[in-house]
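Undergrad: coordinates only, sequence not included:
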């Protein structure tokens, strides 16, 4: 089983999840998915949420914030949509997208589970090599890395 399949299977097992995808937010392309339906088309949702991520990253950059986006939460009447960026992969712009049934989901647990899945994905990803920021790290000026919590 590939790392993508394993990550998607884990995300699909989050309580209340009814659609899951690994998405390249640069292109909006789905690299793998689970769930979805005629009423919830992941081929429409993934590119749309890629635009959300690109817009927020642009705002963070324009504000000069030295922060990383962990996740983005979109709250609907009956659903939660979680967009979890996979940090540490500078060459790839990926996020995990999970749509949850709000009546069934535990938002705090879903966010925790996605954080764990993201960390496992990063750690087992072939491009996770020394010299790149790992989970909890962010790139500083000229490639220097420091903890995301501001400690140096």
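TA: Arrived safely. If you're wondering where the values come from, they're calculated on a predicted model, not measured in any experiment.
Undergrad: hey, let's count contacts and neighbours off CA atoms from now on
TA: Noted.
Undergrad: hang on, residue 99 in a strand?
TA: Yes. Under DSSP: H, G, I helix; E, B strand; the rest coil, residue 99 sits within a strand.
Undergrad: go ahead and confirm residue 99 touches residue 14.
TA: No. Using Cα atoms under 8 Å, residue 99 makes no contact with residue 14, being 10.0 Å away.
Undergrad: show me which of those two is the more surrounded one.
TA: Neighbours were counted for residue 99 and for residue 14 using other Cα atoms under 10 Å; residue 99 has more, 26 against 20.
Undergrad: quick check: residue 118 touching residue 86?
TA: Yes. With contact defined as Cα under 8 Å, residue 118 counts as touching residue 86 (5.7 Å).
Undergrad: measure residue 26 to residue 100 for me?
TA: Shown here: residue 26 relative to residue 100, a distance of 24 Å by Cα to Cα, to the nearest Å.
Undergrad: same question for residue 69.
TA: Distance from residue 69 to residue 100, by Cα to Cα: 20 Å.
Undergrad: next one: residue 114
TA: For residue 114 relative to residue 100 (Cα to Cα), the value is 12 Å.
Undergrad: and for residue 51?
TA: The value you get for residue 51 to residue 100, if Cα to Cα is used, is 20 Å.
Undergrad: which of these two has more residues huddled nearby?
TA: Set residue 51 next to residue 100 and count neighbours by other Cα under 10 Å: residue 100 wins out with 25 against 15.
Undergrad: name the nearest residue to the more buried one, ignoring sequence neighbours.
TA: Distance criterion Cα to Cα, 6 or more residues apart in numbering; nearest residue to residue 100, sequence neighbours excluded, is residue 17 at 4.3 Å.
Undergrad: ok, now which ones touch the one you found?
TA: 11, 98, 99, 100, 101, 105 (Cα atoms under 8 Å, 6 or more residues apart in numbering).
Undergrad: angles on the backbone of it, please.
TA: phi -70, psi 130 (degrees, to the nearest 10).
Undergrad: and the helix ranked longest in the chain, what does it pack against?
TA: Taking DSSP state H as the criterion, the chain has its longest helix at helix 42-62. Helix 42-62 sits against strand 17-24, strand 29-35, with contacts defined as 3 or more Cα pairs under 8 Å, 6 or more residues apart in numbering; DSSP states H and E.
Undergrad: all set, thanks.
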